[in-house]
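Trainee: no sequence on this one, just coordinates:
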């Protein structure tokens, strides 16, 4: 039988006090470790791209062409490593260093494609393909237009 | 006599099998998909396997089971519904998020104690990949998890509760109330659930005139390291001193070097730790009286996106050898 004492007490802190308490007990992000790792993984990916560009330029390709080809190769590598289930492990270690380069962009497109293939090509892959990259594209392109406009106006005056 | 736990069965994925409790599970899968065509199917299979395993171990025929109670984390609790389709038993689907094991044990015991049922089959499941893709991001998306994040257990645990027979008995239950102290970070669910769990514990101790030391083990469901520390602190502030007997299933199931950060979560977390390790220790006489407090975070991806805070709940059941 339910006793008379039931539901009388409650925990003795207010939500505000609890928010402070919760902050104290929650481990801080490991910023220094993450930054160092991101620097090396991001740097490594960029260095691979640069080595490819240099080799292609040495082989007689025009610089802008070599840059395009190197980007395409990095996108391919990002896609391949995502498909092999390796890229998320690299990103777990490298964080933003793996997320920001073009390989990370490839990963953000390929991972939903893999994940939602089971929901079909329309409702799954088609509608979810840009679930991670979509906001980046929308605000990236919008910002670039805005900055371009400001630049244009600055040139006039 | 209070309802008795006649049988228990656990199935887990490989990561859980490699953890410190690996040998206490009945079945360990070699991968999380187990030859199924989707993660969701694999999760239903986990639950079916656990429920059929428990039923087989109890020696009962399906016609002796009056109700099946089950729940999971997926939208519309599909893992449970699909398992119930296979089991073909009178079915009550439950949702208490990660507290569902304790909730189903409490409700199942009430059905038996109220003489609405002779035997009740209870079980819950969770699956790392199904939870990730529903609540967070695609599983192959590269990202870093915050230090307070918890890892969803892949597994299922099931119990057969009965009116009579040999086994540990469920002697009391305290149903929790939903408390929300404003935590919004879904990567810190332990902090969101700690107030509700503590509230249930305080109410439980007051209701039964007991203290933590009256239990050999108090195991919260999946508070994780952050939530457990917070709950211990809140208990202390409520004037209740708890010692090493108060621990958390989410802290026990993985090893530190398994890179899970603040511990485990998911319905299966408390289910497989209770139906595996804790049941074995109860039967061996190592534990006499256990308090299992299931902890649940009652948010959804929609409520999270709309900026709502995370309501928490805790349900407590007492199990005595």
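Mentor: All right, it came through fine. Not measured: the values here are computed from a predicted model.
Trainee: interface residues of the stretch 1-150 of chain B facing chain A?
Mentor: B:37-38, B:133, B:137-148 (Cβ under 8 Å from any Cβ of the partner chain). To be clear about C-beta, it is placed using only N, CA and C from the backbone, and glycine gets the same treatment.
Trainee: who wins for most neighbours among those residues?
Mentor: Within the residues of the stretch 1-150 of chain B next to chain A, most neighbours by other Cβ atoms under 10 Å in any protein chain shown means residue B:142, with 27 neighbours.
Trainee: got the phi and psi for that residue?
Mentor: phi -80, psi 130 (degrees, to the nearest 10).
Trainee: I figured it hits residue A:88, correct?
Mentor: Yes - contact criterion Cβ atoms under 8 Å: residue B:142 and residue A:88 qualify, at 4.6 Å.
Trainee: which neighbours do the two share?
Mentor: A:82, A:107, A:111 (Cβ atoms under 8 Å, 6 or more residues apart in numbering or on different chains).
Trainee: name the element the single nearest residue of chain A relative to chain B belongs to?
Mentor: Nearest residue of chain A to chain B (Cβ to the nearest Cβ) works out as residue A:91 at 2.4 Å. Following DSSP states H and E, one finds residue A:91 within helix A:87-94.
Trainee: run through the neighbouring helices and strands of that helix.
Mentor: Under the contact criterion of 3 or more Cβ pairs under 8 Å, 6 or more residues apart in numbering or on different chains; DSSP states H and E, helix A:87-94 touches helix A:31-58, helix A:63-83, helix A:96-99, helix A:102-115.
Trainee: and the shortest one, how far from the chain's centre?
Mentor: Its chain's C-alpha centre lies 6 Å from the corresponding centre of helix A:96-99 when counted by Cα atoms, centre = their mean, to the nearest Å.
Trainee: and the contacts of that helix?
Mentor: A:34, A:37-45, A:87, A:90-91, A:104, A:107-108, B:142-143.
Trainee: what pLDDT does the residue positioned nearest the centre of chain A get?
Mentor: Nearest to the mean C-alpha position of chain A, by Cα atoms, centre = their mean, lies residue A:99 at 3.7 Å. In this prediction, residue A:99 carries a pLDDT score of 93.
Trainee: just give the number of residues close to residue A:61.
Mentor: Residue A:61 has 16 nearby residues by other Cβ under 10 Å.
Trainee: chain neighbours aside, what residue packs nearest to the residue of chain B found nearest chain A?
Mentor: Per Cβ to the nearest Cβ, residue B:142 is where chain B lies closest to chain A, at 2.4 Å. Leaving out its chain neighbours, the residue that sits closest to residue B:142 by Cβ to Cβ, 6 or more residues apart in numbering or on different chains is residue A:91, at 2.4 Å.
Trainee: just residue B:301 next, same as before
Mentor: Spatially, and ignoring its direct neighbours in sequence, residue B:301 is nearest to residue B:135 (5.7 Å; Cβ to Cβ, 6+ apart).
Trainee: tell me the phi and psi of that neighbour?
Mentor: Here residue B:135 shows phi and psi, under degrees, to the nearest 10, equal to phi -100, psi -30.
Trainee: got a list of what it touches?
Mentor: B:73, B:186, B:301.
Trainee: which pLDDT value goes with residue B:1?
Mentor: pLDDT, read off for residue B:1, is 89.
Trainee: tell me how far it lies from residue B:175.
Mentor: Distance, residue B:1 to residue B:175, by Cβ to Cβ, to the nearest Å: 22 Å.
Trainee: more neighbours: which of those two?
Mentor: Using other Cβ under 10 Å as the criterion, residue B:1 and residue B:175 rank with residue B:175 on top: 18 against 9.
Trainee: for the more buried one, give me its contacts.
Mentor: By Cβ under 8 Å, 6+ apart, residue B:175 lies in contact with B:103, B:106, B:315.
Trainee: may I ask which helix or strand encompasses the residue nearest to the last one when sequence neighbours are not counted?
Mentor: The shortest distance from residue B:315 to any non-neighbouring residue, by Cβ to Cβ, 6+ apart, is to residue B:102 (4.3 Å). Taking DSSP H and E as the definition, one finds residue B:102 inside helix B:100-113.
Trainee: ranges for the helices of chain B?
Mentor: B:14-17, B:39-58, B:78-87, B:100-113, B:128-135, B:189-208, B:224-237, B:249-252, B:267-272, B:279-283, B:301-305 (DSSP state H).
Trainee: could you dump those to CSV with mean pLDDT and distance to residue B:159?
Mentor: Below are these laid out as CSV (pLDDT from 0 to 100; distance: least, Cβ to Cβ, whole Å):
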stretch, mean pLDDT, distance to residue B:159
helix B:14-17, 97, 18
helix B:39-58, 98, 6
helix B:78-87, 97, 14
helix B:100-113, 98, 7
helix B:128-135, 96, 22
helix B:189-208, 95, 20
helix B:224-237, 96, 24
helix B:249-252, 97, 15
helix B:267-272, 98, 9
helix B:279-283, 98, 8
helix B:301-305, 95, 30
